[in-house]
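Asks: Sharing a sequence plus its predicted fold:
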Amino acid sequence: MSTNHGDIFNVNPYEAHASLSTLESEVLWEYAKLAQHIRLLTTKTKELSEQPDQNLVARLRVLERKMGLVSILFKASVWGVINEQPAIDVSEQYADETI
């Protein structure tokens, strides 16, 4: 079992073990390859969590600018709709109609 981690995918370290059958050595080899895949996945996950993906950050900044523009345009259109409404004469609305 003194093989390099990269060799685990090419060489079965359990193949020459005297007390293991061929099937047992193959099963152990599959478990060893699976364990190595999980180690590689863990390493890659740590790398990704420690450093942000620069491509993703750049794309999110572009989206942020576009969303800011959409927000401004929406506010301007709402303001335009409000200004197009006819003005209500406040004095008529609250006139005392009790006689």
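Replies: Alright, I've got the coordinates. Residues are numbered from 1 along each chain as shown.
Asks: Can you classify Pro13 by secondary structure?
Replies: Under the three-state scheme (DSSP: H, G, I helix; E, B strand; the rest coil), Pro13 adopts coil.
Asks: Next, count neighbours for it.
Replies: The burial metric for Pro13, expressed as a neighbour count using other CB atoms under 10 Å, is 15. All C-beta atoms are positioned from the backbone trio N, CA, C, and that covers glycine.
Asks: That one against Ala32, yeah?
Replies: Yes: here Pro13 reaches Ala32: they are 6.8 Å apart, a contact under CB atoms under 8 Å.
Asks: Who are the packing partners of the one helix or strand His37 maps to?
Replies: Under the criterion DSSP states H and E, the helix or strand holding His37 is helix 22-50. Here helix 22-50 is seen to pack against no other helix or strand when contacts are counted using 3 or more CB pairs under 8 Å, 6 or more residues apart in numbering; DSSP states H and E.
Asks: mean confidence for it?
Replies: pLDDT averaged over helix 22-50 equals 92, rounded to a whole number.
Asks: Give me the buried positions along that helix.
Replies: Buried residues in helix 22-50, counting neighbours by 16 or more other CB atoms under 10 Å, are found at 25, 28-29, 32.
Asks: Can you tell me which of these is closest to Gln85?
Replies: Ala32 (74.1 Å; CB to CB).
Asks: How about the contacts made by the closest one?
Replies: With contacts taken as CB atoms under 8 Å, 6 or more residues apart in numbering, Ala32 has the following neighbours: 8, 13-14.
Asks: Please identify the helix or strand for the residue nearest in space to the middle of the chain.
Replies: Nearest to the geometric centre of the chain sits Leu56, at 9.2 Å (CA atoms, centre = their mean). Using DSSP H and E, the secondary-structure element containing Leu56 is helix 54-84.
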